[in-house]
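Engineer: Below are the sequence and a predicted model; questions follow.
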Amino acid sequence: MHYQRIALIGMGLVASSMSQAIRRHDKGVEIAGFTRSAETREKAERLGLADRMFDSPGEAAADADLVVLCTPVCSFEGLAREIVPRLKPGATLSDVGSVKAHVARIVGPLMSDGVHFIPAHPLAGTENSGPEAGFAELFDNRWCILTPDQEVKAEALARLTGFWESLGANVEVMDPARHDTVLAVTSHAPHLIAYTMVGVADHLRRITKSEVIKYSAAGFRDFTRIAASDPVMWRDVFLTNKDATIEILGRFTEELFALQRAIRSGDGEMLQQYFERTRAIRQGIVEAGQDTGESDFGRRPRGEN
Ligand code: NAP
């Protein structure tokens, strides 16, 4: 394994999956863990996700070669303030947060000499939360994007790259702002749209007492899966990736108006051409190995975000 001792800060879906993927690869690695609630700690201990659970993030991080923040993005600053002074020389601090420019801006200045800071984002997840939701295969053939700044040592970057590859992921290095724009298109705006659509159905159900839930069809059910994602994690994503999300939502609104106009004017040709283009995108995702062409898309017990 690329690190002898790894500290996982937060013990939810992603940390639990990391622990199981680490163990799958190398049972000799020592895993230190921290989570703030007694309930999650008890679950993590029952599942054996760490060799030892600690009472504070600083204690868990001391002596670790790699410390990974696996909590909602807005908690990173407070955690980093506790962890950085405890890092041993040569250690790497990383994270799995879904937003990257904010993390570089907030955590970067807290770092001290002699330690490395390499933000990361595994593009793998589900709508489920907590230690019990994790599984060892979560990162298999998924991308993990690293967003180091230019000063980071090549050796530290190669080490973290090798670590994620050993967990099953393909690694790409990217500029943090570019990451946030790409993710606003592929993940953040789609989540907001799903939240909105489910909100519309809920509102309609309340005011009309209609049976939209009982008779929910495939399209709506797929939206509800995404809209069931963790509220705190997604609150933090929108608080910290504000500009890119607003930019993409602006473009979304323009497209929506164009489709609305086509529907109103009965422009079937425009609608069909549009849907043919979007179908080709779906095909491209399947061909890139990022989803299967199975007809139960969106309804697998372990579907991916
Ligand atoms: P999760 O299952 O909800 O677990 C969250 C963990 O963070 C729990 O251990 C929780 O502790 C802890 N936590 C929550 N708020 C905290 C706070 N204010 N201070 C300290 N600890 C706190 O979350 P997750 O899905 O693993 O997501 C973790 C991170 O991964 C997030 O930054 C998210 O953006 C990123 N991510 C998520 C996905 C996904 O699809 N879920 C995919 C890629 C990346 P307690 O339970 O003890 O309170």
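Structural biologist: Now that the structure is in, tell me what you want to look at.
Engineer: which parts of the stretch 151-300 of the chain sit against the ligand?
Structural biologist: Remark: the part of the stretch 151-300 of the chain in contact with the ligand comprises 230, 232-233, using CB under 6 Å from any ligand atom. C-beta here means a position set from N, CA and C on the backbone, and glycine is covered the same way.
Engineer: Show me how to select, in ChimeraX, the buried members of these.
Structural biologist: Those of those that meet the burial criterion (16 or more other CB atoms under 10 Å) are gathered into one ChimeraX selection, given here:
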select :230,233
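Engineer: could you dump the residues of the stretch 151-300 of the chain next to the ligand to JSON lines with pLDDT?
Structural biologist: Shown next, in JSON lines, are those (pLDDT from 0 to 100):
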{"residue": "Asp230", "pLDDT": "94"}
{"residue": "Val232", "pLDDT": "97"}
{"residue": "Met233", "pLDDT": "96"}
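Engineer: Take the residues of the stretch 151-300 of the chain next to the ligand and write them to CSV, including secondary structure.
Structural biologist: Below are those laid out as CSV (DSSP: H, G, I helix; E, B strand; the rest coil):
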residue, secondary structure
Asp230, coil
Val232, helix
Met233, helix
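Engineer: What's the separation between the residue of the stretch 101-250 of the chain found nearest the ligand and Arg41?
Structural biologist: Residue nearest to the ligand within the stretch 101-250 of the chain: Gly125 (1.7 Å; CB to the nearest ligand atom). Between Gly125 and Arg41 the distance, using CB to CB, to the nearest Å, works out to 22 Å.
Engineer: Which one's more surrounded, the two?
Structural biologist: Summary of the neighbour comparison: Gly125 and Arg41, criterion other CB atoms under 10 Å, with Gly125 having more neighbours (23 against 20).
Engineer: Surely the more buried one is within a helix?
Structural biologist: No: for Gly125, which was evaluated using three-state DSSP, the result is coil, with no helix membership.
Engineer: What residues sit buried inside stretch 8-26?
Structural biologist: In stretch 8-26, counting by 16+ other CB under 10 Å, buried: 8-22, 25.
Engineer: next one: stretch 157-173
Structural biologist: Neighbour-count burial for stretch 157-173, counted by 16+ other CB under 10 Å, picks out 157, 159-161, 163-164, 166-169, 171.
Engineer: swap in stretch 76-96?
Structural biologist: Applying a neighbour-count criterion of 16+ other CB under 10 Å, one finds 76, 79-80, 82-84, 86-87, 91-96 buried in stretch 76-96.
Engineer: same deal with stretch 233-248?
Structural biologist: Judged by neighbour count (16+ other CB under 10 Å), stretch 233-248 contains these buried residues: 233-234, 236-238, 240-241, 244-245, 248.
Engineer: follow-up on the earlier one: how about the buried residues of stretch 76-96, which pair is most distant?
Structural biologist: When CB to CB is used, the two most widely separated members of those are Arg86 and Val96, lying 19.8 Å apart.
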